[in-house]
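Novice: The following block contains a protein sequence and its predicted model.
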Amino acid sequence: MKGKKPICWLCCWVILMCRAAFCTASDSVIPAKGSIESQPNSPTPQDSTTQATDKLRHEYLQLFQHGDYEAIIDRLTPLLHKSSPPDSGLAYVHGLTSRIIGDLDTAATDLAPLGNYAPDSDASTWFSWPPASAIWQQVQFRRQLFPAHLKVLHDGETLRFNVYYDDMTDWTRDALSVLPRAYAANHDFLGQDFSTITVLLFNDYGHFTDYVRATRWDVVPPKYAHGIGSLEALCISRYNGYHQDWPALSSKYSCATVAHEMNHSLVERMIAGYGLPRWFMEGLAVDLQTRITPEDVPTFGRLIRQLVRQGGILSLDDLTYHFGDSVQVYAGESTQELERWRNSNAYQQGYSMVNYFLRKLKPGDLPHFLTDLREQRYTDKSARSRQIFDQQTHKYLGLSLDEFYTDWQSFVQRIYK
Ligand SMILES: [Zn+2]
């Protein structure tokens with residue numbers, strides 16, 4: 001997709017933290033440790049049950065902090081279904097995770113009964129958990145921005161999509177028909193299953209921009225964008241800012257575009273919204289597209305040849321820090337006169353670099369590479385995103401990022417000069 005501005009995990013976190021900052025100590029609904037009367041040295045069954053539950057809550061809070069949302073939903077959902085009423089601490093983590101990945105109805109169900117409950121703060125850090133009521137309010141706010149109607153799509157026993165739509169038109173039906181194919185391509189590419197994906201189908205462009213602005217710090221989507229894939233949802237708008245309708249949505253090309261946006265959403269889940277370099281994020285999504293439209297590969301090759309011959313290759317710094325600017329110049333939406341970007345094509349260059357990256361990566365290593373990035377971010381919070389990406393590139397390819405870039409440049413020069 002064009003014009004993607006990924007929601008940063010940190011941003012989500014900041015929202016939660018800000019909420020927490022305005023709230024006082026929680027009204028815990030969990031019995032405090034040791035509150036059950038017992039004889040010294042003779043633990044009762046209640047003691048061991050409380051300890052086991054505390055341990056479980058701690059483990060899931062840890063998983064959340066590591067950004068492993070898929071593991072939380074996968075393991076905790078059946079556990080919560082078994083217990084009635086569900087444990088507050090576990091329902092809290094499940095609700096918070098569901099809110100982050102856009103399953104807002106589940107989040108509301110989990111969080112509504114919890115009142116002002118929040119897990120105990122971690123005394124060793126500055127961190128404190130926001131009360132359930134604050135997250136619930138946030139869920140209500142975001143939920144009202146969703147289109148009004150819901151259709152669920154199953155894949156066998158699995159609830160694959162919650163699709164919110166404005167009206168059931170032919171366009172909506174076409175959009176529904178491409179989702180399973182787009183998922184299948186992403187599943188093969190990313191090498192793992194995912195829990196339910198929230199899809200928002202906007203018939204109305206104004207409604208689409210309202211949603212994007214309200215959930216992305218007032219950022220207006222680029223006019224050419226027909227959709228945006230984020231950690232919270234896959235958004236597809238019938239019209240873009242030029243009031244252009246999609247070509248037949250059930251076509252292979254439209255399916256490839258939906259798959260592209262879905263790739264952004266799913267990759268964001270794997271990395272918990274970690275800030276991947278934009279060229280890498282877009283390159284992955286374009287590479288994924290070519291799994292659906294392999295006939296595009298020769299065309300993309302010709303575009304790269306053109307970039308090489310016209311001196312349109314962007315430096316790694318430009319590609320990393322000015323991706324959006326160069327796209328705007330390319331799309332004719334920029335008022336800036338930036339000659340050095342005039343012949344560039346950031347999407348095509350990103351695709352070419354990622355394609356080369358994937359060829360150098362050991363088969364099957366892409367999911368490990370992505371989840372490792374997420375884990376590194378948790379482990380080394382002081383490091384900058386580029387530094388972590390650089391370290392991981394070295395770990396998986398045996399090359400620093402600069403060395404990889406030089407290597408790729410030699411490759412395209414050799415192939416296309
Ligand atoms: Zn994109």
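Specialist: Here it is on my side, so go on. Numbering: from 1, shown residues only.

Novice: Setting aside sequence neighbours, what's the nearest residue to the closest residue to the ion within the stretch 301-417 of the chain?
Specialist: Nearest to the ion, among the residues of the stretch 301-417 of the chain, is residue 347, at 7.6 Å (CB to the ion). For glycine as for every other residue, the C-beta is placed from the backbone atoms N, C-alpha and C. Closest residue to residue 347 apart from its sequence neighbours, by CB to CB, 6 or more residues apart in numbering: residue 282 at 5.5 Å.

Novice: ok, residues contacting the helix or strand hosting the one you found?
Specialist: Assessed by DSSP states H and E, residue 282 sits inside helix 278-292. Outside helix 278-292, the residues within contact range by CB atoms under 8 Å, 6 or more residues apart in numbering are 1, 4, 6, 181-182, 185-186, 188-189, 229, 252, 255-257, 259-261, 263-264, 267, 296-297, 300, 319-320, 323-324, 346-355, 357-358, 389.

Novice: Please indicate which of those are buried?
Specialist: Burial of those was assessed by neighbour count (16 or more other CB atoms under 10 Å); the buried members are 1, 4, 6, 181-182, 185-186, 189, 229, 255-257, 259-261, 263-264, 267, 296, 300, 319-320, 323-324, 346-355, 357-358, 389.

Novice: quick one, strands of this protein?
Specialist: Along the chain, the segments classed as strands by DSSP state E run 149-155, 158-165, 197-202, 227-229, 234-237.

Novice: Could you point out which of those sits nearest the ion?
Specialist: Distance to the ion, taken as CB to the ion, is lowest for strand 227-229 among the strands of the chain, at 7.0 Å.

Novice: tell me the pLDDT at the residue nearest to residue 64 when sequence neighbours are not counted?
Specialist: When the adjacent residues along the chain are set aside, residue 64 lies closest to residue 93, with 5.5 Å between them (CB to CB, 6+ apart). What the model reports as pLDDT for residue 93 is 97.

Novice: How about residue 85?
Specialist: Model confidence at residue 85, expressed as pLDDT, equals 85.

Novice: measure it to residue 52 for me?
Specialist: With the distance defined as CB to CB, to the nearest Å, residue 85 ends up 17 Å from residue 52.

Novice: How about residue 301?
Specialist: Residue 301 sits 58 Å away from residue 52, going by CB to CB.

Novice: Please say which of those two ends up with more neighbours.
Specialist: A count of neighbours by other CB atoms under 10 Å puts residue 301 above the other of residue 301 and residue 52, at 16 against 10.

Novice: count of neighbours near the spatially closest residue to residue 405 that is not a sequence neighbour?
Specialist: If you skip the residues right next to it in sequence, residue 405 has residue 316 as its closest partner in space, 4.6 Å away by CB to CB, 6+ apart. Residues contacting residue 316 under the criterion other CB under 10 Å number 18.

Novice: number of nearby residues for residue 217?
Specialist: Other residues within reach of residue 217 by the criterion other CB under 10 Å amount to 10.

Novice: For the nearest residue to residue 272 once chain neighbours are set aside, list the residues it contacts.
Specialist: Take residue 272 and drop its neighbours on the chain: the residue closest to it by CB to CB, 6+ apart is residue 67, 2.6 Å away. Residues in contact with residue 67, defined by CB under 8 Å, 6+ apart, are 9, 271-274, 374, 377-378.
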